[in-house]
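> can you look at this prediction? I've put the sequence above it.
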Amino acid sequence: MPSSKTPYIDEKLFQERLTAFNPEPLVKYDKIKDKQDIEIECIKENNDVIDLAKTNFLNVLNNDDIKNKSEEIIRKYGVGTCGPRAFYGTTDIHLKLEDHIAKFLNMDEAIVYSYGFVAISSSIAAYCKKSDIVFTHRDCNIAIKQGLQMAKSKVIYFDHGNTDSFTTEVEKIVESEKDKKKLARKFLIVEGVSWKTGQIVCLPELLKVAEENKIRVFLEESYSIGILGKTGKGLLEHFKIEPYRVDLIISTLESAIGSIGGFCAGSHTAIEHQRLSGNGYIFSASLPTYLVQACIESINLITEETAKKLKVLSEHFHSTLTEIGYEVLSDPLSAFKVFTINEKDEEKKRYKEQKVYQFCKNNGLYLIYQENGLIANLNITLADHKEKYAKVQNILSDAFSQ
Amino acid sequence: MEKQINGSVMLNGNGYIKTQHQKRLNGFKVDKMNEGSVSKSNSLASEEIGQTKKQRVFKESFEPPTLLTAMLTQISFYVLMVLGYLSQLLFPPKVIQEKGRQGYQPLYDSFSAFYSRYVYRRVRDCWNYPICSVPGSEVVLKDRITKDNGWTFEFTGSQTKCVNLASYNYLGFAESSGPCAEAAVQSIYDYGISTGGTRIHYGTCGLHNELEELLAEFLGVEDTITFGMGYATNALNIPTLIEPGCLVISDEKNHASLIWGIKLPGATVKVFKHNDMYHLEEILRQAIYFGQPNQPIGAFKPWKKIIIVVEGIYSMEGTIVKLPEVIALKKKYKAYLYLDEAHSIGAMGKHGKGVVDYFNLDAKDIDILMGTFTKSFGSAGGYIAGSKRLISYLRENSYASCHAWAMPPPLAAQIITVLKILMGKDGTNEGQRRIETLARNTRYFRMRLEQIGLIIHGNDDSPVVPILVYLYSKIAYIVRTLIKEHIATVGVGYPATPLFEGRIRICLSAGHTKEQLDYALAVLERVADEIGLKYSRKPRDLTPINYDDIKVYQD
């Protein structure tokens, strides 16, 4: 309804402009590719094939008990939940999982989202606001970036592996706020194990700086829960840090847990807020019940024994790679290995990586080839099967020297 | 033709039985209650609308409350707030205080904390009710009680079986047995509970390919791509399609995931009044005429591209998008169209192909066709359908295919089985039966509610039925009473709806039997009498409705 506010439109000029309007194409994309050229299909594992491409650190994806339990759940609850959590999409299993996670991590409360990516971005956007300052590391994952973009907070980057760069940035901000009456609220959002490099963050030092400056801390633990720490409880256990010192643990349930979804764990105060303000929690259907049960089952599988096994395997694999001559970017304790070939010329390096990737693939060893190098997601069964491990070692060694 | 689609001519195009009285009723609704919404015609390219093979009468209802109701609603809300503040003063929150955070700024603003603890808490028991069964036409609730006014809950150990009028189980495919469940179970053993990777890195499995081909055939598009979560389909794909310099024109009632997606990339967003084609055209005209803002004086820079974002069925309003008009506008002003069929796919149209099917349109007229599998399909996840170019681009560049996990195989297996049933590929007419039952249930339930005298919003053919109750406390009372009467419904209040438009929402399903619906209607009528919900001032047609005589989807 054209109101009095409607600006004047000259009909002739309008027609000219409409005729002249030549919008850009919907997507700027010249060459249509076949599906097969973009996506890589998963591998059927057997004795000749070793799949280090899928994220299956604790081998939960091949666990028959979990499969049976999942079947049971589908036969009781069906597949989907047909509704968001608030509208009868909460099953007793969902509540059980939230309880389970909270107890596992020794936190007050946990909240489960139905997708890992959304758990990270929604939870960040629920707290961080426009007037806040958020410190995060330069190569943080895209989900963190999206959450911060939505929050519109002022983002200050530092280097993941370098505590000093964090200290410097914090000092700069403190200095600039010296004369201000009202200080901006500050957050530190950091990946425990960097998604990109597999490096472990030096949390105790960061926490010290954060506590001195009253900065709240969100720790992203996707690649540390189930892997690091004496009993696999993640980075806090690894560094022997009291849980209350971080405000929120954010993680996907898609790596070591081997299901789908994500969660946040923290104090009652923190989690309570997300139940009414976590965009992806309120406005999406809840996680299918069988996947919830799968999470519970695989958390039960995480023990001191698996953590130790995975630790030994990770360190062993790290030294194997270095001995062969690869340059390993990830931490020795990281369960996924990012490695590359030491070569100054970027193009040559990419070419060689590609060759290694292809050679391994031809010989039944599947890795992931990405912009930052080759990635091997370790599988705990490698620790038990010496001959399998030897095979991996041989293929990687042959690939290097080809 | 144009007149028909604008609703001023009552034609029996969709085969519903109409008595003389009903025609009058509809006329009343359109003319008196829906000013400016459907009865207005504008300068739309009528010849383009005329191309659609069959016209539909578009009947949507938005009966406003009386002034008294509106005032009472306001007053009651303020009373609630005042009581909340008083109780906050007198009773400190029974939440464990944060440890080691003295001197820190609060984690979130105090109003959020207040609202959640002292307003929402008092009615907290109406939401998040845990269930312990499949959310089918009946659902088993796990009973809980609170001994401290909603701070904490305890399970009593008993269970209540309710008629389920809450879940988005439109076609009744939320089943724990039968072909869908069998296929899902089988896929666990064939492919695993998840593929453990992203689509572009070893996360794709045979089921994904089968699903995407089948879905493209079902929808009548060139290609489709599927994702692991419906919300993420919007939130992660839209940002890859727009950039600064683009104009996004969005319906004011669009879902949170769409808003999340269009807010992100820094494009300009303009919002038009809900389903108001007049307003949409006005914004389009201005967009073409003025181009991008903040140009040097005298300079003119057109928008890079204009994208209109609408939904099929609006889940809180029960309204249906005026798709033929949107398509005509989009063509006239060279804009692109993003249609979110989250609630409508499966639930609308003769073949269950969503609002596109409902209006007999060509799916290729919609540039980006999005939908989810959470609702009619009884699974989870989402899809985008469109041209080969668009889908190939998304496959390669979407955040959701590069950085988020692929759809787990059992979800895909469930969807494939549902699609086969809907397409009749299982050799039965079960799919058609479900589609027709849903449409019949919808018509029946809505007509009966109007007879009772409740104010319901939305389109006559929409299986989402909001019943307006306005007052905050009435929402809670009804939800609680209905649960006692073994009926599960959803109450929706602020912040999901405007502050003074609290409502009960009912989602119909093909799984509901007439007996279940009649039972629910009888209880609703009783409750409506008890607490005064018969707000409607429309003339009522009390002619008994014969369920079996309701004809749906007949040519």
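In hand now; what should we look at?
> what about residue A:325, neighbour count?
Residues near residue A:325, counting by other CB atoms under 10 Å in any protein chain shown, number 12. Where C-beta positions appear, they are placed from N, C-alpha and C, glycine not excepted.
> for the residue lying closest to it once chain neighbours are set aside, what is the enclosing helix or strand?
Of all residues not flanking residue A:325 in the chain, residue A:400 sits nearest, at 5.5 Å (CB to CB, 6 or more residues apart in numbering or on different chains). Assessed by DSSP states H and E, residue A:400 sits inside helix A:386-401.
> packing partners for that helix?
Here helix A:386-401 touches strand A:50-51, helix A:304-324, helix A:346-362, strand A:365-366, helix A:381-384, going by 3 or more CB pairs under 8 Å, 6 or more residues apart in numbering or on different chains; DSSP states H and E.
> tilt between the longest one and helix A:386-401?
Spelled out, it's helix A:304-324. Relative orientation of helix A:304-324 versus helix A:386-401 (axes from the mean of the first three to the mean of the last three CA atoms, to 10 degrees): 30 degrees.
> in helix A:304-324, what counts as buried?
Across helix A:304-324, burial judged by 16 or more other CB atoms under 10 Å in any protein chain shown covers A:306-307, A:309-311, A:313-314, A:316-318, A:320-321, A:324.
> show me what it is packed against.
Here helix A:304-324 is seen to pack against strand A:327-328, strand A:336-340, helix A:381-384, helix A:386-401 when contacts are counted using 3+ CB pairs under 8 Å, 6+ apart.
> how about 10 Å then?
Applying 3 or more CB pairs under 10 Å, 6 or more residues apart in numbering or on different chains; DSSP states H and E, one finds that helix A:304-324 contacts helix A:235-238, strand A:327-328, strand A:336-340, strand A:373-377, helix A:381-384, helix A:386-401.
> ditto for the third one
Counting contacts by 3+ CB pairs under 10 Å, 6+ apart, helix A:346-362 packs against strand A:336-340, strand A:365-366, strand A:368-370, strand A:373-377, helix A:386-401.
> ok, which of these comes nearest residue B:191?
With CB to CB, the closest approach to residue B:191 among these belongs to strand A:365-366: 16.0 Å.
> what pairs with that closest one, parallel or antiparallel?
Paired with strand A:365-366 in the same sheet, following DSSP bridges, are strand A:50-51 (parallel).
> show me what the partner strand is in contact with.
Strand A:50-51 is touched from outside by A:42-45, A:61-62, A:360, A:363-367, A:376-377, A:379, A:381-382, A:385, A:388-389, A:391-392, A:395, B:196-197, B:202, with contacts defined as CB atoms under 10 Å, 6 or more residues apart in numbering or on different chains.
> which residues of the chain score low on pLDDT?
As the question left the chain open, I've gone with chain A. Across chain A, the ranges flagged by pLDDT under 70 are A:1-5.
> wait, chain B
In the predicted model, chain B carries pLDDT under 70 at residues B:1-57, B:94-96, B:495, B:554-555.
> how does the chain divide up, domain by domain?
You didn't say which chain, so I picked chain A. With automatic domain parsing as the criterion, the domains of chain A are listed as A:40-58+A:303-401, A:64-300.
> my bad, chain B
By the assignment in the TED database, chain B contains the domains B:67-82+B:112-164+B:431-538, B:179-292+B:301-423.
> please list the residues of the stretch 451-555 of chain B that sit near chain A.
B:488, B:489, B:490, B:491, B:492, B:495, B:496, B:505, B:507, B:509 (CB under 10 Å from any CB of the partner chain).
> out of those, who's nearest chain A?
residue B:490 (4.6 Å; CB to the nearest CB).
> tell me the contacts of that closest one?
A:83-84, A:86-88, B:126-127, B:129, B:165-167, B:466, B:475, B:479, B:496, B:503-507.
> if we use 6 Å, what do you get?
Counting by CB atoms under 6 Å, 6 or more residues apart in numbering or on different chains, residue B:490 makes contact with A:87, B:166, B:505.
> ok, and the most crowded of those?
Counting neighbours by other CB under 10 Å, residue B:166 leads the contacts of residue B:490 with 29 neighbours.
> can you tell me which of the domains of chain A is most buried?
Highest mean neighbour count of the domains of chain A: domain A:64-300, a mean of 22 (counted as mean count of other CB atoms under 10 Å in any protein chain shown).
> what angle do strand A:336-340 and the helix holding residue A:400 make with each other?
Inter-element angle recorded for helix A:386-401 and strand A:336-340: 20 degrees (by the same axes, to 10 degrees).
> still on that earlier bit, need the helices and strands packed on helix A:346-362 in TSV (columns: distance to residue B:101).
Shown next, in TSV, are those (distance: least, CB to CB, whole Å):
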stretch	distance to residue B:101
strand A:336-340	33
strand A:365-366	46
strand A:368-370	39
strand A:373-377	37
helix A:386-401	46
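> does chain A sit close to stretch B:371-383?
Yes: applying CB under 6 Å from any CB of the partner chain, one finds that stretch B:371-383 is in contact with chain A at B:374, B:378, B:379, B:380.
> and the contacts of that stretch?
Contact with stretch B:371-383 is made by A:79-80, A:285, A:288, B:168, B:170-171, B:173-174, B:224, B:226-228, B:230, B:233, B:341-343, B:345-347, B:407, B:411, B:414-415, B:418, as judged by CB under 6 Å, 6+ apart.
> ends of that stretch, what's the gap?
Stretch B:371-383 has an end-to-end distance of 5 Å (CA to CA, to the nearest Å).
> phi, psi for residue A:342 please.
Main-chain dihedrals, residue A:342, degrees, to the nearest 10: phi -70, psi 110.
> can you check residue A:261 too?
According to degrees, to the nearest 10, the main-chain angles of residue A:261 amount to phi 120, psi -180.
> ok, residue A:193 next?
Backbone torsions of residue A:193, given as degrees, to the nearest 10, read phi -120, psi 120.
> if I look at the closest residue to it other than its chain neighbours, how far off is residue A:353?
Once flanking residues are discounted, residue A:193 sits nearest to residue A:223: 4.0 Å by CB to CB, 6+ apart. Applying CB to CB, to the nearest Å, the value for residue A:223 to residue A:353 is 21 Å.
> quick one: residues contacting the residue nearest the centre of chain B.
Computing the C-alpha centroid of chain B and ranking residues by CA atoms, centre = their mean puts residue B:315 first, at 2.4 Å. Counting by CB under 6 Å, 6+ apart, residue B:315 makes contact with B:343, B:464.
> likewise for residue B:540?
By CB under 6 Å, 6+ apart, the contact set of residue B:540 is residue B:451.
> helix, strand, or coil at it?
Under DSSP: H, G, I helix; E, B strand; the rest coil, residue B:540 falls in the coil class.
> and for the one 3 residues further on?
When the structure is split into helix, strand and coil by three-state DSSP, residue B:543 lands in coil.
> burial of it, as a residue count?
Residues contacting residue B:543 under the criterion other CB under 10 Å number 11.
> check residue A:31 too.
Per other CB under 10 Å, the neighbour tally for residue A:31 reads 7.
> can you check the one 4 residues further on too?
Around residue A:35 there are 18 other residues, counting by other CB under 10 Å.
> and it, how far from residue B:530?
Distance, residue A:35 to residue B:530, using CB to CB: 58 Å.
> kindly report the same for residue A:118.
Applying CB to CB, the value for residue A:118 to residue B:530 is 41 Å.
> now the helices for the stretch 101-250 of chain A?
Taking DSSP state H, counting those that start in this stretch as the test, the helices found in the stretch 101-250 of chain A are A:116-127, A:142-151, A:163-176, A:203-212, A:235-238.
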